[in-house]
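Student: Coordinates for the following, if possible.
(one chain, ligands or ions: 2)
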Amino acid sequence: MPEIQWTNDLDTGIPVIDKQHRRLVEYINQLDHARTHHSRDEVNSVLDQLVDYTLSHFAFEESLMEDAGYPFLNAHKRVHALFVKRIADYQQRFKVGEDIGAELQVSLTTWLLNHIKNDDDDYADDVKRALGGATEETGGWVARSIKKFFG
Ligand SMILES: [Fe+2]
Ligand SMILES: [Fe+2]
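Tutor: Numbering: from 1, shown residues only. Ligands and ions are numbered 1, 2, ... in the order given. Alright, predicted model coming up:
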């Protein structure tokens, strides 16, 4: 599968979120590389990091949406939970030795790009308004939340 290239339609316009989404895309590209060029150990390690980062990103995002009073928070949380379950299933299958190969790659890529372009894009205006231009660099709530969810 070709590497995912970042395109403008993936930008939500919220720098802290776009940075995390780019990181997720990087992990998926790394996974593809590990799968085609390296060992199972490396796939295992990238998969662990991807799951970990995804959980932190979802928690961070949910907290932003909650703070912004985004009306579809619960639906969005359910979509996140379903994805977490799906990726945990793949991880489990991989750990017991199944060759999940390209199926995992296709599924992750399709889901993530679709989620960013549609579901995440949907909260962008509300969250932007709530943040009022605050960024990671300006400290305050965004910086504290990053510490809280990403350690
Ligand atoms: Fe999301
Ligand atoms: Fe997201």
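Student: Do a quick rundown of the strands in the chain.
Tutor: Read by DSSP state E, the chain holds no strands at all.
Student: Flag the shaky bits of it, pLDDT-wise.
Tutor: Across the chain, the ranges flagged by pLDDT under 70 are 1, 139.
Student: Just want the residue of it that's nearest ligand 2.
Tutor: Asp120 (4.4 Å; C-beta to the ion). From N, CA and C alone the C-beta is placed, and that goes for glycine too.
Student: how far out from the middle of the chain is stretch 111-128?
Tutor: Averaged C-alpha coordinates place stretch 111-128 at 11 Å from its chain's average position (C-alpha atoms, centre = their mean, to the nearest Å).
Student: Enumerate the positions of that stretch that are buried.
Tutor: For stretch 111-128, a neighbour-count test (16 or more other C-beta atoms under 10 Å) marks Leu112, Leu113, His115, Ile116, Asp120, Tyr123, Ala124, Asp126, Val127 as buried.
Student: Which of these fall in helices?
Tutor: Leu112, Leu113, Tyr123, Ala124, Asp126, Val127 (DSSP state H).
Student: if you skip the residues just before and after it, what's nearest to the first one?
Tutor: It refers to Leu112. Residue nearest to Leu112 in three dimensions, not counting chain neighbours: Leu24, with 6.1 Å by C-beta to C-beta, 6 or more residues apart in numbering.
Student: what about the one you found, neighbour count?
Tutor: By the criterion of other C-beta atoms under 10 Å, Leu24 has 18 neighbours.
Student: what does Glu66 give?
Tutor: By other C-beta under 10 Å, 12 other residues sit near Glu66.
Student: before we move on, what about the one 10 residues further on?
Tutor: When counting by other C-beta under 10 Å, one arrives at 20 neighbours for His76.
Student: For it, which residues are in contact?
Tutor: By C-beta atoms under 8 Å, 6 or more residues apart in numbering, His76 lies in contact with Glu61, Glu62, Met65, Tyr70, Asp119, Asp122, Tyr123.
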